[in-house]
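Novice: here you go, sequence then predicted model.
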Amino acid sequence: MGDTRFFQPGLIRCITKVLMVIQILMCLTSAYGLRLRNLSDLFSAYGLSVDRIEKIANFLHIDIDLDVVLIECDTIYEFHQMTGKPYHIGAIYVDGVILTQPFSILRQKGVFQSTIEHELLHHLINRNFSMPNWLEEGLILYLTGTKIEDLKGPHKDALSRFMREVSYEDIPNYVARYRNSNCSNHDTGFQLSSETRSGP
Ligand SMILES: [Zn+2]
């Protein structure tokens, strides 16, 4: 009892939140039978190359932070149920978590490497910049050499706009204005709230 006085209320709230998120993740994992994978294991197990990611990270002057949770769905149906995304979307990225269709399906389609790269770049860019969605998407599609004729909907729009508004040489300067002042590579979603701030 006496020990709790050493904890600030903000810290206790933060720990409670983190525990809740872990519980939710564990529930999701057991309910859907998902397998959580470590990204470095993934690269070695599947022969994925980090070369392009490294080149892009150097070009954007950002560190490669592989601190991301990768969740592979067991079936395409499960992926669709969890994300609400159409079947032509291979993966999504949300707040440090990449959720993918079954790897075997992505490999059959020949998009495994490109899909993981794409989502990983969302992770790296999110950690280092706060840029508009169209710019983030367009930048990733452009730097990974995606052809505009292979795209649909918002992805196609984002790449078209990017190519209209940004030239290759301008990219580092163009994106620099969106760089986070605090590039600590930590998830900003669970920072301690100060005691003077109330609410979630
Ligand atoms: Zn994307």
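Specialist: On my side now, so go ahead.

Novice: would you mind measuring from L106 to E72?
Specialist: 9 Å (CB to CB, to the nearest Å). Backbone N, C-alpha and C define where each C-beta goes, glycine included.

Novice: low-confidence ranges, the chain, go.
Specialist: 1-42, 182-200 (pLDDT under 70).

Novice: which residues in it form strands?
Specialist: 35-37, 69-72, 91-94, 97-100 (DSSP state E).

Novice: other residues contacting the third one?
Specialist: Okay, so that is strand 91-94. 83, 85, 98-101, 106, 115-116, 118-119, 122-123, 126 (CB atoms under 8 Å, 6 or more residues apart in numbering).

Novice: what comes up buried for that strand?
Specialist: A91, I92, Y93 (16 or more other CB atoms under 10 Å).

Novice: tell me how many other residues crowd L151.
Specialist: The number of residues packed near L151 is 16, by other CB atoms under 10 Å.

Novice: surely it and L159 touch.
Specialist: Yes - counting by CB atoms under 8 Å, L159 is a contact partner of L151 at 6.1 Å.

Novice: next, show the common contact partners of those two.
Specialist: L141.

Novice: all helices of this structure, in order?
Specialist: Taking DSSP state H, the helices of the chain run over residues 9-32, 39-46, 51-59, 76-83, 103-108, 112-128, 133-143, 153-165, 171-176.

Novice: for those, give me JSON lines that also has distance to L66.
Specialist: Compiled in JSON lines, the helices of the chain are given as follows (distance: least, CB to CB, whole Å):
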{"stretch": "helix 9-32", "distance to L66": "18"}
{"stretch": "helix 39-46", "distance to L66": "5"}
{"stretch": "helix 51-59", "distance to L66": "9"}
{"stretch": "helix 76-83", "distance to L66": "22"}
{"stretch": "helix 103-108", "distance to L66": "17"}
{"stretch": "helix 112-128", "distance to L66": "8"}
{"stretch": "helix 133-143", "distance to L66": "17"}
{"stretch": "helix 153-165", "distance to L66": "24"}
{"stretch": "helix 171-176", "distance to L66": "21"}
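
Novice: switch those over to a markdown table; also include mean neighbour count.
Specialist: Shown next, in a markdown table, are the helices of the chain (neighbours: other CB atoms under 10 Å):
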| stretch | mean neighbour count |
| --- | --- |
| helix 9-32 | 12 |
| helix 39-46 | 12 |
| helix 51-59 | 14 |
| helix 76-83 | 15 |
| helix 103-108 | 15 |
| helix 112-128 | 21 |
| helix 133-143 | 20 |
| helix 153-165 | 15 |
| helix 171-176 | 14 |
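
Novice: between the ones you listed, which one is closest to V68.
Specialist: helix 112-128 (4.8 Å; CB to CB).

Novice: and the direction of that closest one versus that of helix 51-59, what angle?
Specialist: With axes from the mean of the first three to the mean of the last three CA atoms, to 10 degrees applied, the angle from helix 112-128 to helix 51-59 works out at 20 degrees.

Novice: so that it lines up with my notes, have the first residue be 625 from now on.
Specialist: I'll keep to 625 as the first residue from here, and by that count the last item is helix 736-752.
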